[in-house]
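J.: Structural data only, the sequence is not supplied:
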């Protein structure tokens, strides 16, 4: 099963198994990791699951939709490598995925 | 929130109510390093779940979207007691009495008892086929009824009613929305948004009646067959969904002597008038930055914010920053997001074109944004939410011009 590493706002790292088909957000919620609030449950509505995706991990995921891009444009702490983790679906190809959880998810 | 290293906590937190607020709180307590005992009472027999799919996907989507998977609770050492309700609270002994004739002592009590659908005060409201929509069990009944039934009459043109109307209509069901006020969403949306949404529904062949008083429901063999209006009209239906608002379930708190006024009164840390008792979610009446008096906000973001407030207070962490209230609604292909409190504002700027299905209404007082109502325009929503929090002034003329980037409308 793919292992996803979450770097939390306090600097700690957590590597957890996330089954293919689930999202990076699901993996965080499932393991009760702080920092990803996921108010809307993954419908790309709330922008409370903001993460930064390491350059070596970006290619594993689909391109951003306009909706995700617009939500992120005005989110706090947005950078080049920002994504909403509810849109990052894990596949069996995902190896060594590493995300840093934004400190601004509320 | 950071992981705290604390010595084992001997306190027991009892949470009454397994909705979004209570379900979120128990997870947040463990995230914040709380090591004491956590007991969650849920009156329903389902684990805490996401409520939006109940109205947004009740025909063909997955209704059961759990807040956390079932194994989460034992793993996190959270004791969940489903199908059991708390019948009374003794705030002096710090003890609750359950429907299972048990008592349990608490150090901290969190009331997250939510709200329940307001009943229709009209004859015939107890006929079979007269439904409300609040719980997963309600949604299962509604799904079955809509799939097997004919026309549906929706009494109340609020967000839940309109969401159900949109899903039913998209599924080919004949829908009539009956609203007592002169416009739909009268209590919760600006008149401009009401107009736009009513037109959107009507273009999709939903009948919307406004200024219509329901005087009764008629039926045969105990099953509803029509809604009777004050002007003598009868709307034929196989299902009548009553969506006329929700009333806070504050009976436990009232009986325990907590300060209540159509909802449990709380401060900005979710504290009630009893220092050992917190209240979160739809049952509360809470303060909001920049708004006079206490407000009832029936929304997931408010419930989550209060769960964060209570968690911080319980574990002794820094109070959380106040958030701008917001919520979302899906109607047909419109993803609506609304931030701020929509009251009759002096100015409104329309950005975008409602006919295109992508627009935002910015409400402002002298260029300061107080609320934004957006459809399929998440950037406008996010920017509006930030402007509400930051209080910067905008130039209404530039804001109305979609060619001007949003940041360019801010007066610096």
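T.: Looks like it came in fine. Note that the structure is predicted; figures quoted are calculated from it, not measured.

J.: Can you list the residue ranges for helices in chain A?
T.: Using DSSP state H, the helices of chain A run over residues A:24-30, A:66-73.

J.: now do the stretch 151-300 of chain B
T.: Listed in chain order, the helices of the stretch 151-300 of chain B (DSSP state H, counting those that start in this stretch) span B:159-170, B:191-203, B:251-255, B:300-315.

J.: what residues does the shortest one touch?
T.: Right, the one you point to is helix B:251-255. Applying CB atoms under 8 Å, 6 or more residues apart in numbering or on different chains, the contact partners of helix B:251-255 are B:16, B:86-89, B:111, B:113, B:260, B:264, B:272, B:277, B:279, B:283. To be clear about C-beta, it is placed using only N, CA and C from the backbone, and glycine gets the same treatment.

J.: Show me just the buried residues among those residues.
T.: Using 16 or more other CB atoms under 10 Å in any protein chain shown as the burial test, the contacts of helix B:251-255 include B:16, B:86, B:89, B:111, B:113, B:260, B:264, B:272, B:277, B:279, B:283 as buried.

J.: want to try a markdown table for the residues you listed, with distance to residue B:235 and pLDDT as columns?
T.: Output for the buried ones among the contacts of helix B:251-255, formatted as a markdown table (distance: CB to CB, whole Å; pLDDT from 0 to 100):
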| residue | distance to residue B:235 | pLDDT |
| --- | --- | --- |
| B:16 | 39 | 98 |
| B:86 | 40 | 97 |
| B:89 | 44 | 98 |
| B:111 | 39 | 98 |
| B:113 | 34 | 98 |
| B:260 | 37 | 98 |
| B:264 | 37 | 98 |
| B:272 | 43 | 98 |
| B:277 | 45 | 98 |
| B:279 | 39 | 98 |
| B:283 | 33 | 98 |
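
J.: List just the nearest of these to chain A.
T.: Using CB to the nearest CB, residue B:283 comes nearest to chain A of those, at 18.7 Å.

J.: Confirm for me that the closest one is in contact with residue B:116.
T.: No: Residue B:283 is beyond contact range of residue B:116, at 9.9 Å (criterion: CB atoms under 8 Å).

J.: Which residues are in contact with each of the two?
T.: Each of residue B:249 lies in contact with both residue B:283 and residue B:116 under the rule CB under 8 Å, 6+ apart.

J.: burial of residue A:19, as a residue count?
T.: Residue A:19 is flanked by 12 other residues according to other CB atoms under 10 Å in any protein chain shown.

J.: For it, which non-adjacent residue is spatially closest?
T.: Distance criterion CB to CB, 6 or more residues apart in numbering or on different chains; nearest residue to residue A:19, sequence neighbours excluded, is residue A:1 at 5.8 Å.

J.: Would you enumerate the residues in contact with that neighbour?
T.: A:17-20.

J.: just residue B:257 next, same as before
T.: Residues near residue B:257 by CB under 8 Å, 6+ apart: B:91, B:274.

J.: now residue B:186
T.: B:157, B:179, B:194.

J.: on that earlier part again, out of the contacts of residue A:1, who's the most crowded?
T.: Counting neighbours by other CB under 10 Å, residue A:18 leads these with 23 neighbours.

J.: Look up the closest residue to that residue, ignoring the ones flanking it.
T.: Leaving aside its chain neighbours, residue A:18 sits nearest to residue A:27 (3.5 Å; criterion: CB to CB, 6+ apart).

J.: wait, what's in contact with that neighbour?
T.: Residues near residue A:27 by CB under 8 Å, 6+ apart: A:4, A:6, A:16-18, A:90.

J.: Please name the nearest non-neighbouring residue to residue B:331.
T.: Excluding its sequence neighbours, the residue lying closest to residue B:331 (CB to CB, 6+ apart) is residue B:166, at 4.3 Å.

J.: Which stretches in the stretch 301-412 of chain B count as strands?
T.: Assigned by DSSP state E, counting those that start in this stretch, the stretch 301-412 of chain B shows strands spanning B:326-331, B:334-340, B:347-353, B:358-365, B:368-375.

J.: strand partners of the second one, parallel vs antiparallel please.
T.: Sheet neighbours of strand B:334-340, with direction, are listed as strand B:326-331 (antiparallel), strand B:368-375 (antiparallel) (DSSP bridges).

J.: and the stretch 201-350 of chain B, which residues reach chain A?
T.: With the criterion set to CB under 8 Å from any CB of the partner chain, the stretch 201-350 of chain B comes near chain A through B:300-301, B:304-305, B:308, B:320-321, B:323, B:328, B:335, B:337.

J.: Can you classify residue B:54 by secondary structure?
T.: Secondary structure of residue B:54, reduced to three states by DSSP: H, G, I helix; E, B strand; the rest coil: helix.

J.: how many other residues sit next to it?
T.: Using other CB under 10 Å, residue B:54 has 26 neighbouring residues.

J.: Run through the residues that contact it.
T.: B:63, B:133-136, B:138-139.

J.: between these, which is nearest chain A?
T.: Using CB to the nearest CB, residue B:63 is the member of those that lies nearest chain A, at 12.6 Å.

J.: Verify the contact between that closest one and residue B:55 for me.
T.: No: with contact defined as CB under 8 Å, residue B:63 does not reach residue B:55; the gap is 10.4 Å.

J.: And these two? Which one has more around it.
T.: Ranked by neighbour count (other CB under 10 Å), residue B:63 and residue B:55 place residue B:55 first, with 25 against 18.

J.: Give the burial count for residue 33, as a bare number.
T.: You didn't say which chain, so I picked chain A. Other residues near residue A:33 number 17, with proximity taken as other CB under 10 Å.

J.: could you do chain B instead?
T.: Neighbour count of residue B:33, defined by other CB under 10 Å: 16.

J.: Near chain B, which residues of chain A? Just list them.
T.: Counting by CB under 8 Å from any CB, chain A sits next to chain B at A:8-10, A:12, A:29-30, A:32-35, A:37, A:39-41, A:43, A:45-47, A:67, A:70-71, A:73-75, A:106.

J.: which ones are touching residue B:149?
T.: Counting by CB under 8 Å, 6+ apart, residue B:149 touches B:129, B:173, B:238-239.

J.: Correction: the previous question concerned residue B:340.
T.: Residues in contact with residue B:340 (CB under 8 Å, 6+ apart) are B:324-326, B:363, B:369-372, B:384-385, B:388.

J.: follow-up on the earlier one: of the contacts of residue A:1, which is the nearest to chain B?
T.: Set against chain B, the nearest of those by CB to the nearest CB is residue A:19 (11.2 Å).

J.: returning to what we had before: now tabulate the strands paired with strand B:334-340 in TSV and tack on mean pLDDT, mean neighbour count and distance to residue B:73.
T.: Shown next, in TSV, are the strands paired with strand B:334-340 (pLDDT from 0 to 100; neighbours: other CB atoms under 10 Å in any protein chain shown; distance: least, CB to CB, whole Å):
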stretch	mean pLDDT	mean neighbour count	distance to residue B:73
strand B:326-331	95	22	27
strand B:368-375	96	25	36
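
J.: how about the ones you listed in TSV, adding distance to residue B:150?
T.: Below are these laid out as TSV (distance: least, CB to CB, whole Å):
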stretch	distance to residue B:150
strand B:326-331	22
strand B:368-375	30
